[in-house]
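Participant: Could you look at this predicted model? Sequence included:
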There are 2 protein chains.
Amino acid sequence: MARRNSLNERELTDTSFFILLSLTEPKHGYLIMQEIEKMTEGAVSIGPASLYTTIRKLSEAGLIRPAPGTETKKKTYLITTEGKNLLNEDIVRREQIVRTAKDYLSERENAE
Amino acid sequence: MARRNSLNERELTDTSFFILLSLTEPKHGYLIMQEIEKMTEGAVSIGPASLYTTIRKLSEAGLIRPAPGTETKKKTYLITTEGKNLLNEDIVRREQIVRTAKDYLSERENAE
DNA sequence: TGATATATTTCACCTAATGATATATTTCAC
DNA sequence: GTGAAATATATCATTAGGTGAAATATATCA
């Protein structure tokens, strides 16, 4: 849900979710795009505009940081501990949404 | 992901997702708000502005329709077959996201 | 009647995402 | 080296979606 500021509420948009996920291993921006395409088998694709603006935001929020030992022109990033915590929280949040929906639907079906 | 038009791409935002879910049984707007609060145990709450604008959009998209036999001032709605199909699709889409994330993380852990 | 709860609508504003485009930088065949 | 293609980053202008707040309408019932 696009609201005031999803990160403040410890909720990840799909874009932030997948960028954080891919940065559990250090990567630069362009590679992140490719990795997300690959891991979702094309279901999710993030363009450069979304990517680089989101990287900046995640970086400012302390959820990712420049990877050490990479001083080239390619800026390489890595998820932080805080970022990993939030990512794990968000996986649980997403599971709960699905579970809530399934439970709700099956309750109605049984009532018929 | 807030994009061009999520309904065109057969993707539901959280707001649309929960409204459709609650309308598997006929309800008017105000009740939808309460039901969503209740079923998510307060984790998701949708205000009137979001609710009524989303109802209009879902209605225009043919995903919900006025419930028959309710001709009062309270406008009662019900999910359509098309809406139910999309809701079910979206549950699967959401499950896949979680599965993708878990698989991705566990692959990295094993590689350490 | 009037107070309170229930219910709907609209406004103005913000965040997130995005297509498009511009611009670097790297690689490598020639 | 030169230049073309691939790789990589950045920014702009626009749109969709979500929201708090406030206004208004309707229902309920003491």
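Facilitator: All right, it came through fine. Residues are numbered from 1 along each chain as shown, chains lettered A, B, ... in the order given.
Participant: Isn't residue A:28 up against residue A:64?
Facilitator: No. Counting by CB atoms under 8 Å, residue A:64 is not a contact partner of residue A:28; they are 11.7 Å apart. Any C-beta I mention is one placed from the backbone N, CA and C, and that applies to glycine too.
Participant: Looking at the two, which has the bigger crowd around it?
Facilitator: residue A:64 (25 against 16; other CB atoms under 10 Å in any protein chain shown).
Participant: is it fair to say residue A:87 lies in a helix?
Facilitator: Yes. Assessed with DSSP: H, G, I helix; E, B strand; the rest coil, residue A:87 lies in a helix.
Participant: That one reaches residue A:12, doesn't it?
Facilitator: Yes. With contact defined as CB under 8 Å, residue A:87 counts as touching residue A:12 (7.2 Å).
Participant: what do those two both touch?
Facilitator: Common contact partners of residue A:87 and residue A:12 (CB atoms under 8 Å, 6 or more residues apart in numbering or on different chains): residue A:20.
Participant: Comparing these two, which shows the higher neighbour count?
Facilitator: A direct count of neighbours by other CB under 10 Å for residue A:87 and residue A:12 places residue A:12 higher, at 24 against 21.
Participant: burial count for whatever residue of chain A ends up closest to DNA strand D?
Facilitator: In chain A, the residue that lies nearest DNA strand D is residue A:29 (2.8 Å; CB to the nearest atom of the strand). For residue A:29, the neighbour count with other CB under 10 Å is 16.
Participant: Mind telling me what element the residue nearest to the spatial centre of chain A is part of?
Facilitator: Relative to the mean C-alpha position of chain A, the nearest C-alpha, by CA atoms, centre = their mean, is the one of residue A:17, at 1.1 Å. Here residue A:17 sits within helix A:14-22, counting by DSSP states H and E.
Participant: on contacts alone, who are the packing partners of the following helix or strand past that helix?
Facilitator: Counting by DSSP H and E, the element after helix A:14-22 in chain order, helix or strand, is strand A:27-28. Secondary-structure packing of strand A:27-28 (3 or more CB pairs under 8 Å, 6 or more residues apart in numbering or on different chains; DSSP states H and E): strand A:76-79.
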